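Participant: The sequence isn't on hand, but the structure is:
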């Protein structure tokens with residue numbers, strides 16, 4: 001139910017990033033486990049044996065050998081890839097409109113988050129039932145949602161023992177829900193006579209069965225606690241937020257406030273910098289994989305990617321299920337439904353076919369990388385580049401695996417090809433310009 005401002009990144013870049021994270025797991029031949037006993041929250045700890053004695057984490061098994069990978073460096077890849085320099089020398093690419101942060105977004109954040117942090121209770125924690133609720137108040141509610149007359153998972157707290165506290169105007173719930181409770185008098189609602197609220201899930205809400213759907217909610221307000229929100233003005237920013245101004249003198253309060261709005265916008269931009277980076281990678285490789293014609297794709301690489309994703313999904317589902325328990329497994333009863341959320345796939349019914357298609361696209365990405373490198377005489381990997389990649393993986397394992405162990409588990413071939421892929425990705429980014437799509441596109 002809670003509304004989160006997210007940017008929808010298409011599958012290719014997200015999957016490529018996920019694969020980077022799991023490739024050492026697969027290379028070390030430990031499917032379904034984590035190198036450092038990682039939990040679903042990202043916390044890590046030492047592994048223990050049956051007696052409870054701590055054992056070393058992430059050490060290489062003596063029998064581990066690197067998986068056999070296709071040797072793109074020795075193959076004549078360009079013979080199987082049709083792509084011309086004009087296809088990649090000056091690429092004009094588009095990023096999702098949802099990733100553009102505007103001054104309007106900054107103002108929304110100020111109104112929905114910052115002002116709420118400094119709201120003042122009108123009458124302490126007194127429970128109010130006989131007055132109209134206003135923006136800034138906390139409504140303590142029970143709600144039950146339906147789409148097309150049927151209840152949906154996660155859309156109700158009707159049978160809970162305690163009501164949910166909803167800060168009206170905070171943007172916590174989907175658009176329309178909180179506005180539907182403004183001016184409602186709590187005492188006039190009951191489970192026999194709830195207030196009806198219409199609200200629509202965002203198109204990119206994240207659940208296939210809810211995306212873009214209009215829902216009807218039946219809401220009972222047990223009581224409210226009244227608050228007054230501070231006014232967004234120069235005095236509030238200076239004295240309460242203690243914002244450090246960049247100038248000594250401003251021509252007007254509006255100029256001062258605009259500077260603060262710009263500051264908040266920049267803070268929001270920094271929070272989604274990784275998403276923007278993923279979106280650029282996705283736009284680049286979606287364009288190139290659609291543009292190029294690839295033949296004779298190595299089946300062994302397709303199988304490797306596919307098996308790797310299945311292994312990671314299985315491992316992640318086990319960890320999340322163990323950590324979050326029954327509430328999680330009710331939402332995601334099996335790996336198929338989990339993969340839709342975890343990998344951004346379209347449907348639990350087609351998840352394996354989608355993974356196969358994704359694996360094919362990743363192999364095409366590898367082939368295009370090497371084909372362009374051949375055309376541009378950039379395929380030689382220096383020892384310095386190779387060592388840099390090895391050191392990256394040593395750092396990923398916090399020094400618990402040596403350089404020699406990394407090379408043994410992952411293979412020199414994969415590491416050298418990874419170094420080339422990193423360099424070519426940077427080079428291709430320099431030949432691309434990005435603009436944001438218009439809202440609604």
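Facilitator: In hand now; what should we look at? What you see is a predicted model, and the numbers here were worked out from it, not measured in a lab.
Participant: max-length strand in this protein?
Facilitator: strand 214-225 (DSSP state E).
Participant: Other residues contacting that strand?
Facilitator: Outside strand 214-225, the residues within contact range by C-beta atoms under 8 Å, 6 or more residues apart in numbering are 121, 125-129, 131, 133, 137-147, 152, 155, 163, 174, 177, 180-181, 184, 186, 189-191, 194-201. C-beta coordinates here come from the backbone N, C-alpha and C atoms, glycine included.
Participant: Buried among these? Make that a ChimeraX selection.
Facilitator: Of those, the buried ones go into a single ChimeraX selection, burial set by 16 or more other C-beta atoms under 10 Å:
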select :128,133,137,138,139,140,141,142,143,144,145,152,155,163,174,177,180,181,184,186,189,194,195,197,199,201
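Participant: Which ones among the contacts of strand 214-225 lie within strands?
Facilitator: Those of these mapping onto strands are 121, 138-147, 152, 155, 195-200, per DSSP E.
Participant: and residue 312, how many neighbours?
Facilitator: Using other C-beta atoms under 10 Å, residue 312 has 22 neighbouring residues.
Participant: Is it in a helix, a strand, or coil?
Facilitator: Classification of residue 312 using DSSP: H, G, I helix; E, B strand; the rest coil returns helix.
Participant: Ok, the one 4 residues further on next?
Facilitator: Applying three-state DSSP to residue 316 yields a three-state assignment of helix.
Participant: quick one: the longest strand of the chain to chain centroid distance?
Facilitator: Distance, stretch centre to chain centre, for strand 214-225: 30 Å (C-alpha atoms, centre = their mean, to the nearest Å).
Participant: and that strand with strand 138-147, angle?
Facilitator: Relative orientation of strand 214-225 versus strand 138-147 (axes from the mean of the first three to the mean of the last three C-alpha atoms, to 10 degrees): 160 degrees.
Participant: buried ones in strand 214-225?
Facilitator: For strand 214-225, the neighbour count (16+ other C-beta under 10 Å) marks 215, 217, 218, 219, 220, 221, 222, 223, 224, 225 as buried.
Participant: That one - what's its average pLDDT?
Facilitator: Mean pLDDT, computed over strand 214-225, is 98.
Participant: Measure how that strand sits relative to strand 195-200, angle-wise.
Facilitator: 130 degrees.
Participant: Mark out where each domain of the protein begins and ends.
Facilitator: 11-44+64-99+272-436, 119-228 (automatic domain parsing).
Participant: Return the member of those having the minimum mean pLDDT.
Facilitator: domain 11-44+64-99+272-436 (a mean of 87).
Participant: what's the spacing between that domain and its chain's center?
Facilitator: Between the centre of domain 11-44+64-99+272-436 and the centre of its chain there are 16 Å (C-alpha atoms, centre = their mean).
Participant: who's in contact with the residue lying farthest from the centre of the chain?
Facilitator: Residue farthest from the centre of the chain, counting by C-alpha atoms, centre = their mean, is residue 130 at 42.4 Å. Counting by C-beta under 8 Å, 6+ apart, residue 130 makes contact with 185, 186, 187.
Participant: which residues in the stretch 251-400 of the chain form strands?
Facilitator: Applying DSSP state E, counting those that start in this stretch to the stretch 251-400 of the chain gives strands spanning 293-294.
Participant: in it, which spans are helices?
Facilitator: Counting by DSSP state H, counting those that start in this stretch, the stretch 251-400 of the chain has helices at residues 253-271, 273-291, 299-324, 326-331, 335-343, 351-375, 383-396.
Participant: how about those helices in JSON lines, adding distance to residue 68?
Facilitator: JSON lines is the format used below for the helices of the stretch 251-400 of the chain (distance: least, C-beta to C-beta, whole Å):
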{"stretch": "helix 253-271", "distance to residue 68": "41"}
{"stretch": "helix 273-291", "distance to residue 68": "24"}
{"stretch": "helix 299-324", "distance to residue 68": "7"}
{"stretch": "helix 326-331", "distance to residue 68": "36"}
{"stretch": "helix 335-343", "distance to residue 68": "26"}
{"stretch": "helix 351-375", "distance to residue 68": "15"}
{"stretch": "helix 383-396", "distance to residue 68": "19"}
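Participant: For residue 433, which of the ones you listed is the nearest?
Facilitator: Checking the helices of the stretch 251-400 of the chain against residue 433 by C-beta to C-beta gives helix 273-291 as the closest, at 10.5 Å.
Participant: Show me what that closest one is packed against.
Facilitator: Here helix 273-291 touches helix 11-27, helix 85-88, strand 91-95, helix 351-375, helix 412-429, strand 432-436, going by 3 or more C-beta pairs under 8 Å, 6 or more residues apart in numbering; DSSP states H and E.
Participant: at 6 Å instead, please
Facilitator: helix 11-27, strand 91-95, helix 351-375 (3 or more C-beta pairs under 6 Å, 6 or more residues apart in numbering; DSSP states H and E).
Participant: Could you list the buried residues of it?
Facilitator: Under the neighbour-count criterion of 16+ other C-beta under 10 Å, helix 273-291 has 275-276, 278-289 buried.
Participant: so which of these comes closest to residue 90?
Facilitator: Relative to residue 90, the closest of these is residue 287; by C-beta to C-beta it sits at 11.9 Å.
Participant: picking up where we left off before, out of the helices of the stretch 251-400 of the chain, nearest to residue 85?
Facilitator: Judging these by C-beta to C-beta, what sits closest to residue 85 is helix 351-375, at 6.6 Å.
Participant: Could you check the angle that closest one makes with helix 299-324?
Facilitator: Going by the same axes, to 10 degrees, helix 351-375 is angled at 130 degrees with respect to helix 299-324.
Participant: which outside residues touch helix 351-375?
Facilitator: 12, 15, 72, 77-78, 81, 285, 288-289, 292, 294, 297, 301-302, 305-306, 309, 336, 339, 345, 379, 421, 424 (C-beta atoms under 6 Å, 6 or more residues apart in numbering).
Participant: Now do that helix and helix 412-429, the angle between them.
Facilitator: Using the same axes, to 10 degrees, the direction of helix 351-375 lies 80 degrees away from that of helix 412-429.
Participant: Quick check: buried residues in helix 351-375?
Facilitator: Buried residues in helix 351-375, counted by 16+ other C-beta under 10 Å: 351, 354-356, 358-375.
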